[in-house]
Structure formats: structure tokens, C-alpha cells
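1. Dropping a prediction and its sequence here:
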Amino acid sequence: MNPLTIDLHSAANGPVLRVAGDLDFDRAPELRRRIDELALTSGQCLEMDLSGLGFCDSSGITALLAARQHALAAGADIVLAAVPANLMRVLSLVGLDRVFTLRPDASAP
């Protein structure tokens, strides 16, 4: 198992969270906590760079949905960037590829 790392940096249109490692039942609460602490304002876009994500289970997907709710509650948008193929397949199977805005590449830090 790979440890979860969550790095935050700012981009022109809002915060970027780079999530790497394994996002599973044991580690998803850490992502949710970081998202809950994230101040967003109307018009911003929260980018979640998933390029380093090795594994994501249903708890991880639930954390991504919580991030979406957090962004929408603030009047902000959310983008999932550089989604790994295995997670993209799951998102497509359950229809979340139509719920999230997906971008093939992450913003440069």
C-alpha cells in the first residue's frame, strides 16, 4: 500500500489539490478533512490533480463526491485532472464521468 499524500498549491483560478498514493477506506477521511478545511469562494475552481493516484476504492470516490459538494456549496467549480485509467473506467461505469468535469492534464504548479 502506498501512503496518501495531499499537496495544496494555488493556481490563477483557484486551489489545486494533488492527491497521490492510495485513496482507500483508511485514508479517505484525511482527504475529506483537507477538503473541509479548504476555503473556496464563488467563481473559483478547485482542481484535483489525480495523476499520482495509485488506487481508489468506493470510500475514495465518496471523498471526491464530498469535494464536489463542498465546491458547489461555495459557488465554485471542481475539475478532476489527470485521472488514472483504472479510476476513469470506474467513473465511467457508474456515470460519474458525466457528473465531474474531467481534464486530461493537471495545471502546472
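-> Cool, the structure landed. Numbering: from 1, shown residues only.

2. If you count neighbours, what's buried in the stretch of helix or strand residue 46 belongs to?
-> For residue 46, the element it lies in under DSSP states H and E is strand 45-56. Buried residues in strand 45-56, counted by 16 or more other C-beta atoms under 10 Å: 45-50, 52-53, 55-56. Placement of C-beta: from N, CA and C, glycine included.

3. Could you pull up the residues touching the most centrally placed residue in the chain?
-> The centre of the chain sits closest to residue 48, judged by C-alpha atoms, centre = their mean, with a distance of 3.7 Å. Taking C-beta atoms under 8 Å, 6 or more residues apart in numbering, we find residue 48 in contact with 16-17, 19, 64, 67, 78-81.

4. Taking the buried residues of strand 45-56 together, which two end up most distant?
-> Comparing every pair within these by C-beta to C-beta identifies 45 and 55 as the most remote, at 25.8 Å.

5. picking up where we left off before, put the alpha carbons of the strand holding residue 46 into PDB.
-> Presented in PDB, the C-alpha positions along strand 45-56 are these (Å, rounded to 0.1, in the frame of the first residue of the first chain):
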ATOM      1  CA  CYS A  45     -12.300  26.300  -9.500                       C
ATOM      2  CA  LEU A  46     -11.000  23.500  -7.300                       C
ATOM      3  CA  GLU A  47      -8.700  21.300  -9.300                       C
ATOM      4  CA  MET A  48      -8.000  17.800  -8.000                       C
ATOM      5  CA  ASP A  49      -4.800  16.500  -9.700                       C
ATOM      6  CA  LEU A  50      -5.100  12.700  -9.500                       C
ATOM      7  CA  SER A  51      -2.100  11.900 -11.600                       C
ATOM      8  CA  GLY A  52      -0.300  10.300  -8.700                       C
ATOM      9  CA  LEU A  53      -3.200   8.200  -7.500                       C
ATOM     10  CA  GLY A  54      -2.400   4.500  -7.400                       C
ATOM     11  CA  PHE A  55      -5.600   3.100  -6.000                       C
ATOM     12  CA  CYS A  56      -9.100   4.400  -5.300                       C
END
